[in-house]
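S.K.: quick check, what structure comes out for this input:
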Amino acid sequence: TTHYTIRSGGLWVVPNLNFPSIIKRSRGLYGDMNRKFARLDDRDPEYGTVRRIQDLIRHPRVVLVLNLHDGSGYYRPVYEDRLRNAARWGQSVIIDQERLPGVFMGDLAREAQEAAAAANKGLLDPAHRLHVHNTRTAEGDREMEKSLSYYAVRQGKAAFGLEASKEFPVELRAYYHLCMVESLLRQAGVAFTRGFELSPEGVRGALLENLGVSFADNRIFLPLEDVRPTINYLPLPKEAQATAVPSKPIMAVLPCERDDGQYCVHYGNRMITLIRPEWREVDTSLSGVRARGDGKDVDVPFGRVLDVRAELLVQPQEGVRVNAIGVDSGEKDESGQTLRRKDFLPRFSVDRQGRIFRVEVYRGQRCSGMFLVRFAADAPRQARAAPLPDRPGPESALGF
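M.R.: Modelled structure (predicted):
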């Protein structure tokens, strides 16, 4: 959603349908949601979520439904070994029946074969080969009768389940998912462009690009591409969680279970940093500060990152106090002081490389906002990217 542009046709994306289960890495917090689309008690905690998805599926503009999952092992029509057999779901395009007569893209078997073939053209290893898995649901598969895809079929909509293997790291799973998705979009006549190369490396770069979260109308912003595991004493208003704006649709800021008053920033099923706030009321009289970076005067709005090579000076303002986090100057106000990278203690940086530091601005006890100063790298080197999760997640007895 953040790297694709739809040129013709339409695409609706539900990026985090089962978000509590994403966070917990468990498919069954309240039972398996993908087994609730035939019958559902209105007392079920997921009743409202399932009904909203059913409304979307029935919408007259929806003609094709793609349901994305990660499955265990590698689906094979015949038994090969413990991870490669007909009871596994990974690396498969799932259909409920051969054809759905009279509907758009109703030749389900042919469309699925084409999507699998497109993904197989980009295989990184022959062992990753994708297969079409026809569950023949209407012939007596009591479990699949309850699934989202079969609900769509019963509404006269072409539907496919797309399964990448949990045995892969996340960028490889996403790569194979996108190979299948792009093939089916092309078959549906949806034209699009994307802003990255369709390869595991390109996908990884897209996943790690532009990670951030802002608070208090963007007065406080944290870049998260290389963030430290913990950010201490971030000045935030009490309503920070409700007003947090993450840069990706599968990111969220949630209260940490283990300690009241702390926030966990989640990206998919991975917690990327923990925030320990320092509660502050917000001052809205300022929108930024005047600063000098490397001898050049510049206006710096709050919520921005200022790049400097050597030195920073924040111009003094009456009644305004500047706190450069990590600088021990002995003064309560660091405005008017020339600050260099060596003046900042590395352990106070936002990033793990010790290049990005917080500069907070206060009027009295209220926080007016914050910007970040990013010092140029000492020498060109490969940035250390935060690791993405690469362990298989928990499975149900059905192999999901």
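
S.K.: from now on I want contacts and neighbour counts done on CA atoms only, so please keep to that.
M.R.: OK.

S.K.: okay, which residue is most central for this protein?
M.R.: For the chain, the residue nearest the mean C-alpha position is residue 250 (3.6 Å; Cα atoms, centre = their mean).

S.K.: quick one: the helices in the chain?
M.R.: Along the chain, counting by DSSP state H, helices occupy 19-24, 47-58, 108-120, 148-154, 170-187, 200-208, 240-243.

S.K.: any idea how many residues pack against residue 134?
M.R.: For residue 134, the neighbour count with other Cα atoms under 10 Å is 17.

S.K.: tell me the contacts of it?
M.R.: Under the criterion of Cα atoms under 8 Å, 6 or more residues apart in numbering, the contact list for residue 134 reads 94-98, 109.

S.K.: tell me which of those residues is nearest to residue 331?
M.R.: Top of the list for closeness to residue 331, among these and by Cα to Cα, is residue 94 at 65.0 Å.

S.K.: about what we covered before: pull the most distant pair out of the contacts of residue 134.
M.R.: The two members of these with the most space between them (Cα to Cα) are 94 and 98, at 10.6 Å.

S.K.: between the two, which one's more packed in?
M.R.: Here residue 94 and residue 98 are set side by side on neighbour count (other Cα under 10 Å), and the busier one is residue 94, at 24 against 16.

S.K.: how about the contacts made by that one?
M.R.: Shown here is residue 94, whose contacts under the criterion Cα under 8 Å, 6+ apart are 112, 132-135, 160-163.

S.K.: hmm, which of the residues you listed are the buried ones?
M.R.: 112, 132-135, 160-163 (16 or more other Cα atoms under 10 Å).

S.K.: turn the residues you listed into TSV, columns for pLDDT and distance to residue 103.
M.R.: What follows is those, written out as TSV (pLDDT from 0 to 100; distance: Cα to Cα, whole Å):
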residue	pLDDT	distance to residue 103
112	98	15
132	98	20
133	98	21
134	97	18
135	97	20
160	98	14
161	97	18
162	98	20
163	97	24
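
S.K.: by contact count, what packs against the one helix or strand in the chain whose mean pLDDT sits lowest?
M.R.: The element with the least model confidence among the helices and strands of the chain, by mean pLDDT, DSSP states H and E, is helix 19-24, at a mean of 81. Here helix 19-24 is seen to pack against no other helix or strand when contacts are counted using 3 or more Cα pairs under 8 Å, 6 or more residues apart in numbering; DSSP states H and E.

S.K.: try it again at 10 Å.
M.R.: strand 251-255, strand 263-267, strand 270-279 (3 or more Cα pairs under 10 Å, 6 or more residues apart in numbering; DSSP states H and E).

S.K.: hmm, residue 256 is touching residue 262, no?
M.R.: Yes. Between residue 256 and residue 262 there is a contact at 5.6 Å, judged by Cα atoms under 10 Å.

S.K.: still on that earlier bit, what lies in contact with the least confident helix or strand of the chain?
M.R.: The contact list for helix 19-24, computed with Cα atoms under 10 Å, 6 or more residues apart in numbering, reads 16, 25-30, 32-33, 250-252, 254, 266-271, 393-394.

S.K.: just the buried residues out of those residues, in PyMOL syntax.
M.R.: Here the buried members of the contacts of helix 19-24 are turned into a PyMOL selection, burial being counted by 16+ other Cα under 10 Å:
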select buried, resi 25+26+27+33+250+251+252+254+266+267+268+269+270+271+393
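
S.K.: isn't residue 58 up against residue 158?
M.R.: No. Counting by Cα under 10 Å, residue 158 is not a contact partner of residue 58; they are 11.6 Å apart.

S.K.: need the overlap of contacts for those two.
M.R.: Any residue near both residue 58 and residue 158 by Cα under 10 Å, 6+ apart counts here, and that gives residue 152.

S.K.: so for these two, which sits in the more crowded spot?
M.R.: Under the criterion of other Cα under 10 Å, the comparison of residue 58 against residue 158 puts residue 158 first, with 27 against 16.

S.K.: quickly list what that one is bridged to.
M.R.: Taking DSSP bridges, one obtains residue 64 as the residues bridged to residue 158.

S.K.: next: residue 357.
M.R.: Here residue 357, judged by DSSP bridges, has bridge partners residue 373.

S.K.: distance-wise, check it relative to residue 375.
M.R.: Using Cα to Cα, to the nearest Å, one gets 9 Å for the distance from residue 357 to residue 375.

S.K.: what is the burial count for the closest residue to residue 134 other than its chain neighbours?
M.R.: Excluding the flanking residues, the one nearest residue 134 by Cα to Cα, 6 or more residues apart in numbering is residue 95, at 4.9 Å. For residue 95, the neighbour count with other Cα under 10 Å is 25.

S.K.: report the contact partners of residue 95.
M.R.: Neighbour list for residue 95: 108-109, 111-112, 132-137, 149-150, 153, 158-162 [criterion: Cα under 10 Å, 6+ apart].

S.K.: my read: the residue nearest to the centre of the chain touches residue 266, true?
M.R.: Yes. Between residue 250 and residue 266 there is a contact at 8.1 Å, judged by Cα under 10 Å.
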